[in-house]
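Trainee: coords please:
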Amino acid sequence: MFYEACRAGGVGEQKAKLMYSAVYHFGPKWAPGGASMFFMRTMPVEEEFAQLKTFVESGDRSLEEIEKFSPVR
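Mentor: A predicted model of the protein is given here:
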């Protein structure tokens with residue numbers, strides 16, 4: 001829904017995908033019961049975001065591909 005709202009609001013496709021990927025990968029997550037889930041990162045956020053940005057911008061990525069992205073450690 002976030003991606004579609006960005007596009008409807010006039011954000012370009014690549015920028016909307018990059019914004020979606022940042023929210024998806026770095027935003028809060030909740031378990032099915034509504035409890036907040038926490039996890040430890042294996043690298044600095046800046047490094048992980050740089051990899052994510054390169055991945056998103058390197059081709060016409062689908063939202064499913066973006067969701068499956070995993071940083072190289």
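Trainee: quick one: Leu63 and Met1 touch, right?
Mentor: No. Leu63 is beyond contact range of Met1, at 10.9 Å (criterion: C-beta atoms under 8 Å). From N, CA and C alone the C-beta is placed, and that goes for glycine too.
Trainee: comparing those two, which shows the higher neighbour count?
Mentor: Each of Leu63 and Met1 has its neighbours counted (other C-beta atoms under 10 Å); Leu63 has more, 15 against 6.
Trainee: now that one. Nearest residue, chain neighbours left out?
Mentor: Distance criterion C-beta to C-beta, 6 or more residues apart in numbering; nearest residue to Leu63, sequence neighbours excluded, is Tyr3 at 6.1 Å.
Trainee: tell me the contacts of that neighbour?
Mentor: Tyr3 is in contact with Ala16, Lys17, Met19, Tyr20, Leu63, counting by C-beta atoms under 8 Å, 6 or more residues apart in numbering.
Trainee: which residue is nearest the centroid of this structure?
Mentor: With distances taken as C-alpha atoms, centre = their mean, Ser21 lies nearest the centre of the chain, 1.9 Å away.
Trainee: these two touch, right, that one and Lys68?
Mentor: No. The pair Ser21 / Lys68 is not scored as a contact, 11.0 Å apart, by C-beta under 8 Å.
Trainee: got the contact list for the residue nearest to the centre of the chain?
Mentor: Leu52, Lys53, Phe55, Val56, Ile66, Phe69.
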